[in-house]
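In: got a predicted model here, sequence first, then my questions.
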Amino acid sequence: MINVIVTYTVNPEYVSENKTHIQTFLDDFKNLDQETFEYKVYVKEDGVTFLHYSNYINEEVQHEVLNVPSFKNFQRLRDESGLNGTHKVEILQSI
């Protein structure tokens, strides 16, 4: 099992647009086998920091999920919005 947490902070004026792009890729993820991965997105109390939690049964599934076109578009637009070095990826090890 692969478990990942990604956090990043967007500019306040980009929050609404970011949420729209997130919903688009989450809707597209529904077309994939939901038994092989989990993907959840949260907004922290500050209203501008997003946390994406995902887990995948293997690297093949992770690759499939992360290459959905709407997800790739979300990443590009998010990165272009100006993250100011706040993007952080953490791989979690289960106990």
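Out: Yes, it's here.
In: contacts, neighbours, all on C-alpha from now
Out: Noted.
In: any idea where the strands of the chain begin and end?
Out: Along the chain, the segments classed as strands by DSSP state E run 2-9, 37-43, 49-56, 88-92.
In: redo those as a markdown table? Include mean neighbour count and distance to residue 71.
Out: Output for the strands of the chain, formatted as a markdown table (neighbours: other Cα atoms under 10 Å; distance: least, Cα to Cα, whole Å):
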| stretch | mean neighbour count | distance to residue 71 |
| --- | --- | --- |
| strand 2-9 | 18 | 14 |
| strand 37-43 | 15 | 12 |
| strand 49-56 | 18 | 12 |
| strand 88-92 | 12 | 16 |
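In: which one, of these, ends up nearest to residue 79?
Out: Nearest of the strands of the chain to residue 79, taken as Cα to Cα: strand 2-9 at 9.7 Å.
In: angle of that closest one against strand 88-92?
Out: Taking axes from the mean of the first three to the mean of the last three Cα atoms, to 10 degrees, one finds strand 2-9 and strand 88-92 inclined to each other by 160 degrees.
In: what about this structure, any weak spots by pLDDT?
Out: Under the criterion of pLDDT under 70, none of the chain is flagged as low confidence.
In: list the buried residues for the lengthiest helix in it?
Out: If you go by DSSP state H, the chain has its longest helix at helix 15-29. Within helix 15-29, the residues that count as buried by 16 or more other Cα atoms under 10 Å are 15, 18, 21-23, 25-26, 29.
In: I'd like to know which elements that helix is packed against.
Out: Applying 3 or more Cα pairs under 8 Å, 6 or more residues apart in numbering; DSSP states H and E, one finds that helix 15-29 contacts helix 69-80.
In: list the buried ones in the helix it packs on?
Out: Buried positions in helix 69-80, judged by neighbour count with 16+ other Cα under 10 Å: 70-71, 73-75, 78.
In: of the residues you listed, just say which sits nearest to residue 57.
Out: Checking the buried residues of helix 69-80 one by one against residue 57 (Cα to Cα), the nearest turns out to be residue 71, at 18.8 Å.
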